[in-house]
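> Kindly generate the corresponding structure for this input.
(one chain, ligands or ions: 1)
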Amino acid sequence: MPDASHDHETLRPATLAVHGGRRPSAEDPDVAPPLRRTSTFLQHEGTHSSTDAGDWSSPLVYSRYKNPGVEDCEVRLARLEGAERAALFASGMAAIHAVVRAAIPGSGGRVAMARQIYGGSVALFEDVLAEQGIALDPFDVDCGDELAACLDRGATLVHVEGISNPVARVADLRRIARQAHAAGAALSVDSTFASPIVQRPLVGAPRGAAAPPPEERADYVVHSATKALGGHSDLTAGVVLGSADLMEPVLHRRKVAGAILDPAAAWLLTRSLATVDLRVRAQCRAAMGIAEALRGAPGVTHVHYPGLASDPSHARALELLEPGLFGSVLAFELEGGDAATRDLVGRLRLALDAPSLGGVETLVSIPAFMSHVAMSPEERRAAGVGPGCVRVAAGIEDPADLAADFLAALAASGAAAASG
Ligand code: PLP
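Sure thing, here's the model as predicted:
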C-alpha cells in the first residue's frame, strides 16, 4: 500500500496527525494502531546477525531500547514538528532533563534559562542539575542584554518557552536563536503551550512563510505531551525533538538510563494525536472567546492573551505563530488581588480548578498558590505574574458557554463586589 509519509513536508497538520505514522498493510492490517505491550522480543537468526555485529538499535530486542508502538508515535510527532527525530520520555520533566544532560555532557556547565518559565523547570535545575554542577543563569525573555550577559558568562545552552507560563508571553525566538548560536550555544524551546499546531520552533516560521536561516531556529524542542498532545488529561509523557545528529546522544542516554515511555502510554498518545489539530484549534477559539469576554469585565484589571490586539505579544504572535492561532492559555488579574482568586475559581460551574493544560476540559489554576508558589510577590511580578492572577487553560467546550461561566462567576464573586 502506498505510504503518504514521504509527503510529510507538504501535508497539513490535520492530515499528518492521522496519516503521519504506520500505514496498515496486507501483512499488518489493523486500521487502529495495535498496542504492543511486550517488554521483550524473540531473538532469532535475523536479529542475531545484527546484534552479533554490534547493532542493537535496528532489531527489536527489548522495549527499553525500542518498541514499535513507541517508535510509531515518535515518527508522528517528528513529522508534526518538522523534526528528523523524536524521543518519547515518561514525562515532560524527564524530557527537559534529557535535553540538558545531552547538550551539556560531563560535569559542570551553565544554562541560560528565561525567567518566564514553568516553576518545575526551575526546580529541576535547583534540586537536581545543580548537584551535577550545572549552574542556572536566569534572564528576562525580552531582554537581549541579559541573555548576552549569560552567554558571556559561559552558558552553552539557552532554554525558553515559546509561549510562556502563565501569562502567555510570546518569545522572540529568532532573535534568541541568533544570539545563542553566535555565542556557540544551543537553543532548547519548551513548546508545550504552543503544541506543533500553533508553532514549530525547529522550522522557525508559520506554514507558508519563508523559513529563516538555521541560525534563527531552535536546536531542540521539548513538550510535556501530558498536555495538548495527549489532550485528554489521562496520560503523562514528554518528548524531545531535533536533528538526527543532536538526537543521537538523547536516544542513547534514554536507553541506558531507562527513561523511555511505556508502550501503553505511547499507544494512548498515538490515539490522541489523530485529533490534535481539531482539539488545539477548538482550544484557541475558546481561549479567544474567554479573553474577549473578560476584557473590561467588572473586577478584571488585566487580561493576558496574545490574540488580543492590545496584548504586548500580539505583533510577535502574528509573525511567529500559525495564522489565526494564539494558543490555548490566557491569564487574567482580579482587582481583589490573590485573596479574591479562590472565591472566583470556586464559583465556576464548568472550568475546573486543576493544574494542567491542553485537555478537552477547561482548567483554571492560581499561579500564586500553585505553579509560582515558591516565588515572592516581587519575583512573580518579575515573571509577569501580577497579584490576583488566574490562569485559564481552555478546553474544547463551546466558547460562549465558557465565557458565560466566567462572567457569572465574576458577577457572583467578591472580585466584582470589590470593584463596585
Ligand atoms: N513544561 C511546561 C511548560 C509545563 O507546563 C509542564 C507541566 O505543567 C512541564 C513542562 C512538565 O511536564 P510533565 O508534568 O509532563 O512532566
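
> going forward, measure contacts between C-alpha atoms and count neighbours the same way
Noted.

> Look up the closest residue to the closest residue to the ligand within the stretch 151-300 of the chain, ignoring the ones flanking it.
Here the stretch 151-300 of the chain gets closest to the ligand at one residue, residue 224, 4.2 Å apart by C-alpha to the nearest ligand atom. Distances taken as C-alpha to C-alpha, 6 or more residues apart in numbering put residue 92 closest to residue 224, at 3.8 Å, once the chain neighbours are dropped.

> May I have the residues that are in contact with that neighbour?
Residues in contact with residue 92 (C-alpha atoms under 8 Å, 6 or more residues apart in numbering) are 222, 223, 224, 225, 226, 236, 237, 238, 239.

> Turn those into JSON lines, including neighbour count.
Formatted as JSON lines, the contacts of residue 92 follow (neighbours: other C-alpha atoms under 10 Å):
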{"residue": "222", "neighbour count": "26"}
{"residue": "223", "neighbour count": "28"}
{"residue": "224", "neighbour count": "28"}
{"residue": "225", "neighbour count": "26"}
{"residue": "226", "neighbour count": "25"}
{"residue": "236", "neighbour count": "19"}
{"residue": "237", "neighbour count": "25"}
{"residue": "238", "neighbour count": "25"}
{"residue": "239", "neighbour count": "30"}
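
> can you tell me which residues contact the residue of the stretch 151-300 of the chain closest to the ligand?
By C-alpha under 8 Å, 6+ apart, the contact set of residue 224 is 91, 92, 93, 95, 192, 236, 237, 238, 239.

> I'd like to know how far the residue nearest to residue 224 sits from residue 209.
For residue 92, the distance to residue 209 equals 29 Å [C-alpha to C-alpha, to the nearest Å].

> Residue 369 too?
Applying C-alpha to C-alpha to residue 369 and residue 209 gives a distance of 40 Å.

> any idea how far stretch 244-263 is from the chain center?
How far stretch 244-263 lies from its chain's middle: 19 Å, per C-alpha atoms, centre = their mean, to the nearest Å.

> anything in that stretch near the ligand?
No. Using C-alpha under 6 Å from any ligand atom, stretch 244-263 never reaches the ligand; the gap is at least 11.4 Å.

> and if you look at stretch 113-129?
Yes. Using C-alpha under 6 Å from any ligand atom, stretch 113-129 reaches the ligand at residue 118.

> For that stretch, the averaged confidence score.
Averaged over stretch 113-129, pLDDT sits at 93.

> what's the answer for stretch 354-361, then?
97.

> Okay, buried residues for it please.
356, 357, 358, 359, 360, 361 (16 or more other C-alpha atoms under 10 Å).

> Would you agree the fourth one is in contact with residue 235?
No. Shown here, residue 359 and residue 235 do not form a contact pair, counting by C-alpha atoms under 8 Å, at 10.4 Å.

> Show me the helices in the stretch 301-420 of the chain, by range?
314-320, 338-346, 377-382, 399-412, 414-418 (DSSP state H, counting those that start in this stretch).

> Check the stretch 151-300 of the chain too.
Shown for the stretch 151-300 of the chain, the helices assigned by DSSP H, counting those that start in this stretch span residues 173-182, 195-198, 244-257, 263-273, 276-294.

> Pipe the ones you listed into CSV and attach mean pLDDT and mean neighbour count per row.
Compiled in CSV, those are given as follows (pLDDT from 0 to 100; neighbours: other C-alpha atoms under 10 Å):
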stretch, mean pLDDT, mean neighbour count
helix 173-182, 98, 21
helix 195-198, 98, 26
helix 244-257, 97, 16
helix 263-273, 98, 21
helix 276-294, 98, 23
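
> Residue 84 is nearest to which of the ones you listed?
When those are compared by C-alpha to C-alpha, helix 244-257 sits nearest residue 84, at 5.6 Å.

> which secondary structure elements does that closest one contact?
strand 85-89, helix 92-103 (3 or more C-alpha pairs under 8 Å, 6 or more residues apart in numbering; DSSP states H and E).

> how far does stretch 176-189 sit from the chain's center?
19 Å.

> and the end-to-end length of that stretch?
By C-alpha to C-alpha, the extent of stretch 176-189 from end to end equals 10 Å.

> what's the answer for stretch 392-407, then?
Length of stretch 392-407, first residue to last, C-alpha to C-alpha: 14 Å.

> Mind listing what's buried along that stretch?
Those would be 392-397, 399, 402-407, for stretch 392-407 by 16+ other C-alpha under 10 Å.

> near the ligand at all, it?
No. Using C-alpha under 6 Å from any ligand atom, stretch 392-407 stays clear of the ligand, coming no nearer than 10.5 Å.

> Show the average pLDDT along that stretch.
pLDDT averaged over stretch 392-407 gives 98.

> what does stretch 203-216 give?
The pLDDT scores in stretch 203-216 average 95.

> Contacts for that stretch, please.
Under C-alpha under 8 Å, 6+ apart, the answer for stretch 203-216 is 81-82, 173-178, 181, 199-200, 217-218, 319-323.

> try 7 Å this time
82, 174, 175, 177, 178, 181, 199, 217, 320, 321, 322 (C-alpha atoms under 7 Å, 6 or more residues apart in numbering).

> From the ligand, how far out is the residue nearest to residue 288 when sequence neighbours are not counted?
The shortest distance from residue 288 to any residue other than its chain neighbours is 6.5 Å, reached at residue 307 (C-alpha to C-alpha, 6+ apart). Counting by C-alpha to the nearest ligand atom, to the nearest Å, the gap from residue 307 to the ligand is 19 Å.
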